[in-house]
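Engineer: my questions are about this predicted structure, shown below with the sequence.
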Amino acid sequence: MAENSSENRPLSEEELQELVASTDAGARAPAGSVGMFLAIIAVVWSVFQVILASPLANYILPGDIINNSRQIHLAFAIFLAFMAYPALKSSPRDYIPIQDWVMAGLGAFIALYGFFFYQKIVDAGGLADNTDKWFALVGLILLFEAARRALGPAMAIIATIFLLYVFFGSSEIVPDVIRWKGASLKKAMSHMWITSEGVFGIALGVSTKFVFLFVLFGALLDKAGAGNYFIKMAFGALGHLKGGPAKAAVVGSAATGLISGSSIANVVTTGTFTIPLMKRVGFSSEKAGAVEVASSVNGQIMPPVMGAAAFLMVEYVNISYVEVITHAFLPATISYIALVYIVHLEAVKSNMPTLGNRVVSMGRTIGGMMAFFVGFAALCYGVQYPVRAIISMVPDGSGIILSLLLLATYVGLLKLAASVPDLAVDDPNAKDVELPVVGEIYRAGLYYLLPIIVLVYFLMIEQKSPGLSAFWATSLLFVILLTQRPLKALFRGEENPISRFSDGVADLIQGLIDGARNMIGIGLATATAGVIVGTVTLTGVGQVMADLVEFLSGGNLVLMLVMVGLLSLILGMGLPTTANYIVVSSLMAGVVVELGAQSGLIVPLIAVHLFVFYFGIMADVTPPVGLASFAAAAVSGGDAIKTGFVAFFYSLRTVALPFVFIFNTDLLLIDVGWAQGILVFVIASIAILTFTAGTMGWFVTKSRIYESVALVLIAFVLFRPDFVMNRIQPPFEDIKPAAFSEALAGAEAGGEMRLIVSGPDFDSGEIKETTLVLPVAGDASARLDATGLLLIPEGDVVKMDEPSFSSPFATSLGSFDFYGDQPVQIASVKAPADQMAKEWVFIPALILLVLVGLLQRARVGRTGEVS
């Protein structure tokens, strides 16, 4: 890959597909009976996962199969990994060596070990015996080898280091700060392979229950033709604007990112069309590649799939899926808005030409796109009312009626699509580029929106599980793939339309194969990451990491966040997004929450997980290992390292946003109503555009240094109005600890008080502090009892006893030593003070923004600079 990039030669279409295959689905494609056998295995895996997610799973599948679905999921992944991924670059691509057959079969068998010997393991209390431990060890070795082939060496190396720490953590060569007592082979293998704490833990369970269905949904939707439709719509809407191909690349990649779990596949899928057109209007090879990289990687943060991390957050944060994607929505949206603005500024700075001869109004284009997205959202939300009306009128037959209405809608939209020609894939290198007209092509793919509407309806309105929601949406895609070709032929009056049914069957089978092959890496990533999670739970190294980070950062929260971000970047160099998120969140999420509380900042757990996730996806961009940057350079013929650096510069807003929403959780729409949510969206959009203008050195015209600094400061104030307001009017007033009980009883309901607790650490004995947030609710006389805190007043000092087991603060105070010589006590109490609304700070910030704009506008008028 690097060799091709260094030659500055764009890869051919065949070479690009091989690049995607080698990184995402396996480079080996044997022909003949072996190829047919592997295709059947892939189809069986996809069908098994669909049945497992269906409401009929308990009637179709035996209970043992359902209970051991994680083992079966991993067995398929390991088997196909050894079949599809060659061991070395020199290994054969057209046939499978005998040793790979042996490792594939043995790996699948050991993955199913818990299924085959379930009763034996149960009788042993879930502990490994001497036979089990050796099978488990061989299983881990084969898992690591499969992960090395499918994901590169980084994942296997990191997991091996953690496993060695389990065995040799008691050695004298291990630094004292992370030394532990060590574990025997039997205990380690029990933890990693036999129980659900390691390989077969939460991450693999999420991959089994949810992720597969969404990856399959994306593969089937793309096979149906939705990917090409989204790209054409984006180019039809934006292609004729200044820098239009780049803007279309951003929007097209966002749409493709909704259905793709891979930033590399996204780069190649959309980049083969967008990058040549960007170069045609004046973008350099590196800038064109960087725009595509930034756009495609951002697809990983777009709900609903978020590179499979959304489903993991559900389990790790213990909140609903709807809440996860609600919190993730605003940062992802404004990040894409900023990226469109970045490419607009690049086009304006270079005065790039437009493509084609159509005159398109920027205002009408933006208005049309906004109208489409608002209309689509309203449709997804509004469909619940007729659905509920039908259910209330015909409760017993509502399922059949709704299915028939959905099919009738599909047939109607398909008839509309048949009235226009099918959308062919355009050649971006053609001499004359005819960009599509939205008004002429939109009919060709409106029915692709139906599965997305079904998915959103079940997820957001019915609030069904992600797996069940994806099942119903995927089922509709089965119908679409099987019927779209014959029905179009029928509506167009072609002869023998039934003969086109076989084409639909072929599309469906290929979609099932693609979905399974795309899941190999994710299944192995979640399983291998389980070893790292298992190490954390077995050794307690997570607490050691907290102490280490606290020591290195000196207790400074911002510095600690920088270190966590750098760790995410370093671990992400070679790890896929999902695995990186699992590893770093397991190690660092609790650290940020704990040290934040010690610093007086209450950080919601979802904010920490999104912080880690955002930095994890940046590893696909950042040199020297940014795989998406290498893929874009392979398409553009540019330098891969330079492409990565430019893409990182374009992605600065993705780096800045996590720091913002850690301190201002309004951006995550936490405890925000509709009206405030709209205000937050508007102000955040202005803020991100202002930050972009400041870092790009261009607003109305080229900015002077002091103007760029002013724009960045304005963006900061718009993002963090509380920072300014808290310095004008402090949000809390101090109360003496002895008066805490009376203050809590007399506080106004609906507010909150903060309790700073000081005392010795249980492990180190050193004095530390943490902050507790006490909601003021309920009867005044019972508020203290509801906290479960046991207070011992002694004059002006209020000591604390260990809280009751049922106390909501039992976990937060669990690291304090309540039985040592030094008492645990209330250090201070903070009650809410009267403070103006922080939103008042927006007014002077916006006035200053307007003044900067007017200053630059006046300069344009005097000098005639390009604006």
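Structural biologist: Received the coordinates, thanks.
Engineer: the residue lying closest to E839 once chain neighbours are set aside: how many residues sit nearby?
Structural biologist: Closest residue to E839 apart from its sequence neighbours, by Cβ to Cβ, 6 or more residues apart in numbering: P721 at 6.4 Å. Any C-beta I mention is one placed from the backbone N, CA and C, and that applies to glycine too. Around P721 there are 21 other residues, counting by other Cβ atoms under 10 Å.
Engineer: M800 - that's part of a helix, no?
Structural biologist: No. Using DSSP: H, G, I helix; E, B strand; the rest coil, the assignment for M800 is strand, not a helix.
Engineer: right, and it touches F818 too?
Structural biologist: Yes. Between M800 and F818 there is a contact at 7.2 Å, judged by Cβ atoms under 8 Å.
Engineer: what is in contact with those two at once?
Structural biologist: Shared contacts of M800 and F818, defined by Cβ atoms under 8 Å, 6 or more residues apart in numbering, comprise 759, 824.
Engineer: tell me which of those two has more neighbours.
Structural biologist: The neighbour comparison of M800 against F818 (other Cβ under 10 Å) goes to M800, with 20 against 17.
Engineer: can you tell me how far the more buried one is from L127?
Structural biologist: 39 Å (Cβ to Cβ, to the nearest Å).
Engineer: same check on T654?
Structural biologist: For T654, the distance to L127 - Cβ to Cβ - is 45 Å.
Engineer: the two: who's more crowded?
Structural biologist: Each of T654 and L127 has its neighbours counted (other Cβ under 10 Å); T654 has more, 24 against 15.
Engineer: I'd say that one and G299 touch.
Structural biologist: No. Proximity of T654 to G299 does not meet the contact threshold set by Cβ under 8 Å, at 11.8 Å.
Engineer: please identify the helix or strand for L416.
Structural biologist: For L416, the host element (DSSP states H and E) is helix 398-418.
Engineer: let me know the pLDDT of P428.
Structural biologist: Predicted confidence (pLDDT) for P428: 64.
Engineer: doesn't P92 fall inside a strand?
Structural biologist: No. Per three-state DSSP, P92 lies outside any strand segment and is coil.
Engineer: if we ignore the residues flanking it in sequence, what's nearest V712?
Structural biologist: Per Cβ to Cβ, 6+ apart, closest to V712 is G694, 3.9 Å.
Engineer: can you list the domains in this structure?
Structural biologist: Annotated domains of the chain cover 10-204, 224-498, 732-834 [automatic domain parsing].
Engineer: wait, which of the ones you listed is closest to L669?
Structural biologist: domain 224-498 (5.7 Å; Cβ to Cβ).
Engineer: what ranges do the strands span in the protein?
Structural biologist: 732-735, 752-760, 767-775, 790-794, 797-801, 824-832 (DSSP state E).
Engineer: which of those strands sits closest to A108?
Structural biologist: A108 lies closest to strand 767-775 among the strands of the chain, at 47.7 Å (Cβ to Cβ).
Engineer: got the contact list for the closest one?
Structural biologist: The contact list for strand 767-775, computed with Cβ under 8 Å, 6+ apart, reads 594, 597-602, 744, 751-761, 787, 809, 812-813, 816, 822, 827.
Engineer: pLDDT of that strand, averaged?
Structural biologist: Averaging pLDDT along strand 767-775 gives 85.
Engineer: residue ranges with poor pLDDT in the stretch 201-350 of the chain?
Structural biologist: The model of the stretch 201-350 of the chain has pLDDT under 70 over residues 257-262, 265, 269, 304-308.
Engineer: mind running it again at 90?
Structural biologist: Within the stretch 201-350 of the chain, the ranges that satisfy pLDDT under 90 run 201-203, 205-207, 209-219, 221-326, 328-329, 332-350.
Engineer: and for the stretch 751-867 of the chain?
Structural biologist: In the predicted model, the stretch 751-867 of the chain carries pLDDT under 90 at residues 751-756, 761-798, 802-822, 827-838, 858-867.
Engineer: I'm done for today, thanks for sticking with me.
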